[in-house]
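Student: got a predicted model here, sequence first, then my questions.
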Amino acid sequence: MTGFWSVWVLVLAFLTAGVSLSLFLWALWMRIPTTADGTTGHVWAHGALREAVRPLPWWWVVVSVGAFLFGVFYLYQYPAFGGHAGRLAWTSRGEHQIANTANNARLETRIASWRHVAVDQLAANPSAVSIGHRLYLDNCAACHGIAGHGNAAVGAPNLTDADWLYGGDGDNILKSILDGRTGMMPPQGPALGHNATNAVASYVVSQSGTIAPPDQVAAGKVTFEAICAACHGVDGRGNPTLGAPNLFDKTWLYGGDIVSVVASVRDGRSGVMPAWRARLSEDEARLIAAWVIAQGSARVAAK
């Protein structure tokens, strides 16, 4: 705390305590003028009510004195009096550090036995999945959503379905969390032109059930096999090695309607899953991966 703010706190503390103590003492010793009947002479309700004067009850005086004494004790023990650190040298940061150290010790005890268990097997452990869920909420939910259903606006995929750009097994999910991923769909609009771009998009959406003009679909198929199949495969099922998605299912990261697909082909897409190795330990990342796998398993089981 700087000198100015230390003085400011001291002034406020002295002023508040001084005014409070003065009012307390004044209430004890002041004498209010009264009439012969012991009232102030103030009447209400046409004389039915009269304002009496009574001394402060003893319990109120005792409680008030105790509060003042406790305040002095508190200011001496804790850092609440300007730059005074307090006899206990207590700080909120230190309190947090103590709690965090204790929590990490408890967590280490729990996960030590899981360290050599495969991530896919951890997904069947309710205790591991529960901790992984908490870690997920703290670190991943901002982009992927509380339930892991993703967010097309930021290009964050659904983590609970069976569609994976880089593979949905434990090792690949762990690598995605720790080292991140960078996906790039290059813009094809300048090379293809307006008509060919629309034709390719028509062919792609037709393979997932959307009705499109037959001539557009036929022309798009030729272009797709000549240009797009290099990454997405002739069958359009994608390539996890490149992070190229399956285009012929009904799962879409940026939208599967014709307008969205045309935009993807024409302008390209780029997405980054940041690396979390600097923030998360491998143990924590493994638990998050276990929770993710468990959500996919639960969804399959529910069908």
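Tutor: Perfect, I can see it now.
Student: which residue ranges of the stretch 201-303 of the chain form strands?
Tutor: 269-273 (DSSP state E, counting those that start in this stretch).
Student: what ranges do the helices span in it?
Tutor: In the stretch 201-303 of the chain, the helices defined using DSSP state H, counting those that start in this stretch lie at 214-223, 229-232, 258-267, 282-302.
Student: one more: the stretch 51-200 of the chain?
Tutor: Going by DSSP H, counting those that start in this stretch, the stretch 51-200 of the chain shows helices at 58-77, 92-111, 119-122, 126-139, 141-144, 170-179, 189-206.
Student: adding distance to N172, mean pLDDT and mean neighbour count, write the helices of the stretch 201-303 of the chain out as JSON lines.
Tutor: Any C-beta I mention is one placed from the backbone N, CA and C, and that applies to glycine too. Converted to JSON lines, those look like this (distance: least, C-beta to C-beta, whole Å; pLDDT from 0 to 100; neighbours: other C-beta atoms under 10 Å):
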{"stretch": "helix 214-223", "distance to N172": "31", "mean pLDDT": "95", "mean neighbour count": "17"}
{"stretch": "helix 229-232", "distance to N172": "18", "mean pLDDT": "94", "mean neighbour count": "16"}
{"stretch": "helix 258-267", "distance to N172": "23", "mean pLDDT": "95", "mean neighbour count": "19"}
{"stretch": "helix 282-302", "distance to N172": "9", "mean pLDDT": "82", "mean neighbour count": "20"}
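Student: distance to A142 for those - can I get that in a markdown table?
Tutor: Putting those into a markdown table (distance: least, C-beta to C-beta, whole Å) gives the following:
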| stretch | distance to A142 |
| --- | --- |
| helix 214-223 | 37 |
| helix 229-232 | 30 |
| helix 258-267 | 23 |
| helix 282-302 | 14 |
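Student: quick one: closest of those helices to A105.
Tutor: With distances scored as C-beta to C-beta, the stretch of those nearest to A105 is helix 282-302 (13.5 Å).
Student: what's the angle from that closest one to helix 126-139?
Tutor: Here helix 282-302 points in a direction 110 degrees away from that of helix 126-139 (axes from the mean of the first three to the mean of the last three C-alpha atoms, to 10 degrees).
Student: who touches helix 282-302?
Tutor: Residues outside helix 282-302 that contact it (C-beta atoms under 8 Å, 6 or more residues apart in numbering): 111, 114-115, 119-120, 122-125, 128-129, 131-133, 135-136, 139-140, 147-148, 159-162, 168, 170, 173-174, 177-178, 276-277, 280.
Student: 7 Å instead, please
Tutor: By C-beta atoms under 7 Å, 6 or more residues apart in numbering, the list of residues contacting helix 282-302 from outside reads 111, 115, 119-120, 122-123, 128-129, 131-133, 135-136, 140, 148, 159-162, 168, 170, 173-174, 177-178, 276.
Student: which helix runs longest in this protein?
Tutor: helix 3-29 (DSSP state H).
Student: now that one: average pLDDT?
Tutor: Helix 3-29 shows a mean pLDDT of 89.
Student: and if you look at stretch 169-176?
Tutor: For stretch 169-176, mean pLDDT is 95.
Student: restrict it to CA atoms and write it as PDB.
Tutor: Provided in PDB are the C-alpha atoms of stretch 169-176 (Å, rounded to 0.1, in the frame of the first residue of the first chain):
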ATOM      1  CA  ASP A 169      -9.300 -41.500 -28.700                       C
ATOM      2  CA  GLY A 170      -7.700 -40.500 -25.500                       C
ATOM      3  CA  ASP A 171      -4.200 -39.900 -26.900                       C
ATOM      4  CA  ASN A 172      -5.400 -37.500 -29.600                       C
ATOM      5  CA  ILE A 173      -7.700 -35.600 -27.300                       C
ATOM      6  CA  LEU A 174      -4.900 -35.200 -24.800                       C
ATOM      7  CA  LYS A 175      -2.600 -33.900 -27.500                       C
ATOM      8  CA  SER A 176      -5.300 -31.400 -28.600                       C
END
